[in-house]
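Sequence and predicted structure are below.
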Amino acid sequence: MGKNKTEREDLVKKYFLRTPSKPNYFWNFLWITISIILIIIGVMMLQASNGRNSDQFLIIVVAGLVFFIISFFSFLAKRNRYRRAYNMTEPKATDEQMDHWLDEGREMILKTAMKRLDVEDDDISNIPLVIDGPDEKTSVRPGKDKILRFRIHDMLLFFLTEHNVSTFQCFYDLGSNEILEDGTKEFPYKDITSLETETVKSDDPFYKFEKRKKIDELKSLSLYTSGGNCISIYYFDPEVSHNTEDYRLPPSDAEKTIKAIRKRLKEYKDKFSSGLQRPI
């Protein structure tokens, strides 16, 4: 699945573009056929007329030629428009390629996060809890398997130690395989004041694809600390959101991650009853 950066970007970009349907050339071919028939009939009648009414038969030939030229060039124009539109959307990445590249990207992000946070390989906290959500303005589209995929990923990694939580949040471009923006935060459990989740509701769809098809399901996670810090992320939750005939929400470990964080905070609270400013 090895692809150079430019080729991969092109394949991923086209993944989110709808392949145009092949045009119907029926009327073009019908008028071309009629034109050819008119020309043949006109020529045959000219030959059989021996000069009588030749002007009328010549008009038939000329009309056939005019219809033929118009129909033929109309067919060429339609075919060329389709080829241009097709070349702008194909070939595109396969579902398997998109998933493989995302797995590779997550591994790269994990290594980057561990390096930025000075997490050792043998540290138990080097296995992070991860939430992978869509950027607010990312391209989004279901694959052939109808699973939604998006280009710009908002990833939030939690590294939990005995007394502290360290986070690495980044925006990852699946096309260029680059981290566009990232940041780290570290704070003790005792400073965490609230961990909140909510279903985000809006009159407008969060994402659209193929014009009329829209995605309304989205949840958010926000973690607050006593110092006024806040970490937030949007994510899909296929366990509580409905699927439609147009798409299925992607697999997610978000709820499992949130439960694990709540459990760790509760364990810390039980062990150090005075550690948290407010129970969660």
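Cool, got the structure. Residues are numbered from 1 along each chain as shown.

which stretches of the stretch 51-200 of the chain form helices?
Taking DSSP state H, counting those that start in this stretch, the helices of the stretch 51-200 of the chain run over residues 54-89, 95-116.

could you give me the average pLDDT of the longest one?
So the one you mean is helix 54-89. For helix 54-89, the mean per-residue pLDDT is 90.

Over to the last one?
Rounded to a whole number, the mean pLDDT of helix 95-116 is 95.

Quick check, pLDDT for Pro279.
42.

before we move on, what about Phe187?
Phe187 is assigned 87 on the pLDDT scale.

show me the contacts for it.
By Cβ atoms under 8 Å, 6 or more residues apart in numbering, Phe187 lies in contact with Asn164, Val165, Thr225, Gly227, Asn229. Quick note: C-beta positions are derived from backbone N, CA and C, even for glycine.

Is it bridged to anything, and to what?
Applying DSSP bridges to Phe187 gives these bridge partners: Val165.

okay, Leu38: pLDDT?
At Leu38, pLDDT is 86.

what about the closest residue to it other than its chain neighbours, neighbour count?
Spatially, and ignoring its direct neighbours in sequence, Leu38 is nearest to Gly64 (3.2 Å; Cβ to Cβ, 6 or more residues apart in numbering). The tally of other residues near Gly64 (other Cβ atoms under 10 Å) stands at 20.

And Gly64, how close does it get to Ile231?
Counting by Cβ to Cβ, to the nearest Å, the gap from Gly64 to Ile231 is 74 Å.

Could you do Ala93 as well?
Applying Cβ to Cβ, the value for Ala93 to Ile231 is 31 Å.

now Lys115
Separation of Lys115 from Ile231 (Cβ to Cβ): 20 Å.

Give me the more crowded residue out of these two.
Taking other Cβ under 10 Å, Lys115 and Ile231 do not tie; Ile231 has more neighbours (18 against 10).

mind checking which helix or strand the more buried one is in?
With elements taken from DSSP states H and E, the one containing Ile231 is strand 230-235.

Who are the packing partners of the helix or strand following that strand?
Per DSSP H and E, strand 230-235 leads on to helix 254-271 as the next helix or strand towards the C-terminus. The contact analysis (3 or more Cβ pairs under 8 Å, 6 or more residues apart in numbering; DSSP states H and E) places helix 254-271 against strand 129-134, strand 152-160, strand 192-199, strand 219-225.

In TSV, list those strands along with mean pLDDT and mean neighbour count.
Listed next are these as TSV, based on pLDDT from 0 to 100; neighbours: other Cβ atoms under 10 Å:
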stretch	mean pLDDT	mean neighbour count
strand 129-134	92	22
strand 152-160	94	21
strand 192-199	89	14
strand 219-225	91	19
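
Figure out which of these is closest to Val43.
Among the helices and strands packed on helix 254-271, the nearest to Val43 by Cβ to Cβ is strand 152-160 (63.1 Å).
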